[in-house]
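[1] Predicted model and sequence below, questions to follow.
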Amino acid sequence: MSDKRFYKIATKDEIKPGSGKSVNVGRDTIAIFNFDGEFYALDDLCPHRGAPLCEGFLDAGKVFCPWHCFDFNLKTGESETIPSMRVQAYELKIDGDDIYLLY
Ligand code: FES
């Protein structure tokens, strides 16, 4: 059985549409994004050179890294630019105004 559980990590109004915010959970820094009113969570650290993905640009269901524009799918963490690169995606749960992360 998994010992993961949901942790409250933000409220919806803290992350405006088209933006991201980083949160520390355990030993990880995780980027939470609001794309068109839907929320997504990926590892914040870009695997290319370590940029904070929470500062990236959101478009077409992806975040584009703020440093070199590699893309990462908000649902899967996969990159079309470099298929061998990906970041971990996390499950979120919304309850009213609160955002919970499965970790
Ligand atoms: S650091 Fe993210 S694409 Fe280069």
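    Cool, got the structure. As the structure is a prediction and not an experimental result, all values here were calculated from the model. Numbers count the residues shown, from 1 in each chain.
[2] Quick check: closest non-adjacent residue to residue 36.
    Sequence neighbours aside, residue 17 is the residue nearest to residue 36 in space, at 6.5 Å (criterion: Cβ to Cβ, 6 or more residues apart in numbering). (C-beta placed from N, C-alpha, C; glycine too.)
[3] what's the distance between the one you found and residue 6?
    To residue 6, residue 17 is 23 Å away according to Cβ to Cβ, to the nearest Å.
[4] Of the two, which one has the most company?
    More crowded of residue 17 and residue 6, by other Cβ atoms under 10 Å: residue 6, with 15 against 11.
[5] who touches that one in this structure?
    Counting by Cβ atoms under 8 Å, 6 or more residues apart in numbering, residue 6 makes contact with 93, 100, 101, 102, 103.
[6] measure the nearest residue to residue 90 once chain neighbours are set aside to residue 13 for me?
    Distance criterion Cβ to Cβ, 6+ apart; nearest residue to residue 90, sequence neighbours excluded, is residue 41 at 3.9 Å. According to Cβ to Cβ, residue 41 and residue 13 sit 17 Å apart.
[7] got it, and residue 71?
    In terms of Cβ to Cβ, residue 71 sits 27 Å off from residue 13.
[8] quick one, which of the two is more surrounded?
    residue 71 (20 against 8).
[9] and the gap between the more buried one and the ligand?
    Counting by Cβ to the nearest ligand atom, to the nearest Å, the separation of residue 71 from the ligand is 9 Å.
[10] contacting residues around that residue?
    62, 63, 64, 65, 79, 80, 81.
[11] Those residues into a markdown table, with extra columns for distance to the ligand?
    What follows is the contacts of residue 71, written out as a markdown table (distance: Cβ to the nearest ligand atom, whole Å):
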| residue | distance to the ligand |
| --- | --- |
| 62 | 12 |
| 63 | 10 |
| 64 | 8 |
| 65 | 3 |
| 79 | 9 |
| 80 | 13 |
| 81 | 8 |
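[12] who wins for most neighbours among the residues you listed?
    Counting neighbours by other Cβ under 10 Å, the top entry in the contacts of residue 71 is residue 63, with 26 neighbours.
[13] quick one, what contacts it?
    20, 31, 33, 42, 53, 56, 57, 71, 72, 74.
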